[in-house]
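Undergrad: With the sequence up front, the predicted model follows.
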Amino acid sequence: MSGALQLRLASATDAAPLAAFAAQAFSDTYAAHNTPADLASYLAEHFGPEIQGRQLDDPRHRCLLVERGGALVGYAQLRQGTAPPTVASGAALEVERFYAAKALIGRGVGTALLAGCVALARDLGCDALWLGVWEHNPRAIAFYRKHGFQEVGKQTFRLGSEVQHDLVMRRDLAPVELARGAKA
């Protein structure tokens, strides 16, 4: 798989390949840390062409895809809605899911995808991005910190019968002029 990374918004025609990629990426990330039964339950409840199709049709959701050489290598699912009180924002956009293909983690897919998330959030008039990241995923936590996210709280996450804990992280979205060093 070679070539430049290409970022685009997903459409309804992407539901089936997105569902397959999303389920595989989730499994690659969490299978070693959860029981097969809990993982299977979560995958059945959250991934499938119909499920991703409904999300792609929902005006509160946006999905960014990263492709290389025509192959899907990463995605971010973003959701507009109510943020936890600890996020303390006028208009925050949730990064609900954020995954790169296992073989490409650490090779720029996440950085390109996050840049797309920031641009989309700004286009939607948001002043912050927020997300939940499993407290036992140090690589992801380090990535988010490197890209300006700060821990602002915790929340629970249910994976099958297992109750887990996520860190809630927030990134302010300074206006473009300020991000480039201009004075307000």
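TA: All right, it came through fine. Predicted model, so just to flag it, every value in this text is computed and none were measured. Numbers count the residues shown, from 1 in each chain.
Undergrad: Tell me how many other residues crowd residue 33.
TA: Per other C-beta atoms under 10 Å, the neighbour tally for residue 33 reads 14. Just so you know, the C-beta spots here come from the backbone N, C-alpha and C atoms, and that holds for glycine as well.
Undergrad: Just the pLDDT for the residue lying closest to it once chain neighbours are set aside.
TA: What sits nearest to residue 33 in space, not counting adjacent residues and going by C-beta to C-beta, 6 or more residues apart in numbering, is residue 136, at 6.8 Å. Model confidence at residue 136, given as pLDDT, is 90.
Undergrad: Repeat that for residue 91.
TA: 88.
Undergrad: which residues touch it?
TA: By C-beta atoms under 8 Å, 6 or more residues apart in numbering, residue 91 lies in contact with 124, 125, 126, 127, 128.
Undergrad: what residue ranges in this structure are flagged as low confidence?
TA: 1-2, 175-184 (pLDDT under 70).
Undergrad: same thing but at 80, please
TA: Applying pLDDT under 80 to the chain flags the ranges 1-3, 89-90, 174-184.
Undergrad: quick one: contacts for residue 10?
TA: Residue 10 neighbours (C-beta under 8 Å, 6+ apart): 18, 56, 63, 64, 65, 75.
Undergrad: returning to what we had before: look at the residue nearest to residue 33 and give its secondary structure.
TA: coil (DSSP: H, G, I helix; E, B strand; the rest coil).
Undergrad: so how far is residue 164 from it?
TA: 8 Å (C-beta to C-beta, to the nearest Å).
Undergrad: Of the two, which one has the most company?
TA: Applying other C-beta under 10 Å to residue 136 and residue 164 shows that residue 164 carries more neighbours, namely 17 against 12.
Undergrad: which neighbours does the helix or strand that contains the more buried one have in its sheet, and in what orientation?
TA: According to DSSP states H and E, residue 164 maps onto strand 162-172. Strand 162-172 has the following strand partners under DSSP bridges: strand 128-134 (antiparallel), strand 150-159 (antiparallel).
Undergrad: Report the buried residues of it.
TA: 164, 166, 167, 168, 169, 170, 171 (16 or more other C-beta atoms under 10 Å).
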